[in-house]
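Enquirer: okay, sequence plus prediction incoming.
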Amino acid sequence: MVERRSAIHWAWLILGICFVNLFVNYSVRLGYGVLLPEMIRDLDFSRAAAGTIYNAYIFTYIAITPLTGYLTDRIGARRVISVCLLILGIGVVMMGTVQTLGAACVFFGIAGLGSTGLWAPVITLVQRWFASHRRGLALGILSAGYGLGFATTGVLFPLIVESLSWHYAWFILGAMALVMVIINAFFLRSDPQHSGLVPWGQKPADSENVESPASYENKIAIRQLLRNRQFWLIGLSYFAIAYSLYGITTFMVDYARHQLGLPLEKASLLATIHGIGQVVGVLTVMPLSDYLGRKKTIILSNTFIVIALVGILFAGNSWIMLCVWVGLLAVFYGVTFPIYGACAGDYFPKESMGTVIGAWTPFYGAGAMITHWVTGTLRDSAGVYNYPFAISVVMAIVGIFLMSRVQNDR
């Protein structure tokens, strides 16, 4: 294979476009929480109704992501991502027009459908464009997109709402998604081999030995995947760590405000610390995984998560220690999702990465949804978060144990 020479490898253009894709996608997902107070006041929705709207998004996301992951391997990431961005843009623009609960559920559900093409296909595509020993670096840079999306919505959306209205925040996000449809359709390339290139960081002479060209024969069938022990161990570990992380982070501000009695300004600042910590984590720990291996890094990361969760549980009313433990948790929180996704390229054929990542998404989604129900229910009945937070610690330990049973990276 002859590699085309250019000043900048096409992989970096792919990474830059995908970075913006994640930024837009997570601005939509996390921006809902920022716009929520103004929406429920203006539309006279209850908080239960607000939760129903978000569940419509989550439901379509979890249900359809395995299909978009599968289609990524069959028809290419460029087509899947471009079409999903179009669907996302339409759903988000329509969110700016809602007047009823039913319409909000339908339109945010459409947005959730579009978002299915903006995680599994995106990280699959980036992994294909970078050599195996550079995937951690690439995914670390990529994953900073969702941390910045969170930080940006927290700063800009209140300004947009104050000067215009919450409707325009949705319109702006929708327009950004629709613009990205054109950019993705013209500039994305689904596979480096078909473009006459090798993944960045890989020597052309090693292309046949390390990264074999994509072929239908190398793709793993769903029935084979479901019989694969590695798939279940990693998936269940993903479920356990998602449970532990969402159980604390979702209720973190409420815990600080109403159980510890901290003023709202301090309690809300924990979200800012959390966002900054995520960016630090993906830019440092993810590249480290290229040298330690994904399994060792996940075990190390999950161990620090256990330590941070215990620290939060026993921090008491110490504001400084609570910030320290939340910051530590955030560093490894941000690492969790891309590093589990990177396991698809380490333990399964690269031609099936989209299928594997998509099939793991329900594990993550189930962990997040179940922990919200359990944590909220136990908090309402006991009046404190101690018991559900303790369960989150146990689940993180379970995640470590399951990952320890996985064979070493191939």
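Expert: Arrived safely, thanks for sending. Numbering: from 1, shown residues only.
Enquirer: G76 against D191, yeah?
Expert: Yes. Between G76 and D191 there is a contact under Cβ atoms under 8 Å: 7.2 Å. For every residue, glycine as well, the C-beta is placed using N, CA and C.
Enquirer: domain map for this protein?
Expert: 10-194, 219-404 (automatic domain parsing).
Enquirer: and those domains as TSV, adding mean pLDDT?
Expert: Putting these into TSV (pLDDT from 0 to 100) gives the following:
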stretch	mean pLDDT
domain 10-194	83
domain 219-404	84
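Enquirer: now those domains in TSV, with mean neighbour count?
Expert: As requested, these are exported to TSV (neighbours: other Cβ atoms under 10 Å):
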stretch	mean neighbour count
domain 10-194	21
domain 219-404	20
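Enquirer: shared neighbours of G76 and D191, anything?
Expert: Shared contacts of G76 and D191 (Cβ atoms under 8 Å, 6 or more residues apart in numbering): none.
Enquirer: mind giving me the packing neighbours of the helix or strand hosting G277?
Expert: Using DSSP states H and E, G277 maps to helix 264-292. Contacts defined by 3 or more Cβ pairs under 8 Å, 6 or more residues apart in numbering; DSSP states H and E place helix 264-292 against helix 135-163, helix 252-254, helix 294-313, helix 319-347.
Enquirer: try it again with 10 Å
Expert: helix 10-43, helix 135-163, helix 229-249, helix 252-254, helix 294-313, helix 319-347 (3 or more Cβ pairs under 10 Å, 6 or more residues apart in numbering; DSSP states H and E).
Enquirer: including distance to A56, could these go into TSV?
Expert: Below are these laid out as TSV (distance: least, Cβ to Cβ, whole Å):
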stretch	distance to A56
helix 10-43	11
helix 135-163	20
helix 229-249	18
helix 252-254	23
helix 294-313	29
helix 319-347	22
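Enquirer: excluding chain neighbours, give the residue nearest to F107 in space.
Expert: Spatial nearest neighbour of F107, excluding adjacent residues (Cβ to Cβ, 6 or more residues apart in numbering): M94 at 4.1 Å.
Enquirer: sorry, that was for Y32
Expert: The nearest residue in space to Y32 (Cβ to Cβ, 6+ apart) is Y54, at 6.2 Å.
Enquirer: now the helix or strand the one you found falls within against helix 319-347, angle please.
Expert: Secondary structure from DSSP H and E places Y54 in helix 47-75. Here the directions of helix 47-75 and helix 319-347 differ by 30 degrees (axes from the mean of the first three to the mean of the last three Cα atoms, to 10 degrees).
Enquirer: dump whatever helix or strand comes next after helix 47-75 to CSV, keeping only the CA atoms.
Expert: As assigned by DSSP H and E, the chain's next helix or strand after helix 47-75 is helix 77-95. What follows is helix 77-95, C-alpha atoms only, in CSV (Å, rounded to 0.1, in the frame of the first residue of the first chain):
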residue,chain,number,x,y,z
ALA,A,77,-19.2,6.0,9.6
ARG,A,78,-19.5,9.0,7.3
ARG,A,79,-23.0,8.1,6.2
VAL,A,80,-24.2,7.2,9.7
ILE,A,81,-22.8,10.3,11.4
SER,A,82,-24.1,12.6,8.7
VAL,A,83,-27.6,11.2,8.7
CYS,A,84,-27.7,11.2,12.5
LEU,A,85,-26.5,14.8,12.7
LEU,A,86,-29.4,15.8,10.3
ILE,A,87,-31.9,14.0,12.6
LEU,A,88,-30.3,15.6,15.7
GLY,A,89,-30.5,19.1,14.2
ILE,A,90,-34.1,18.7,13.2
GLY,A,91,-35.1,17.4,16.7
VAL,A,92,-33.2,20.2,18.5
VAL,A,93,-34.6,23.0,16.3
MET,A,94,-38.1,21.6,17.0
MET,A,95,-37.3,21.6,20.7
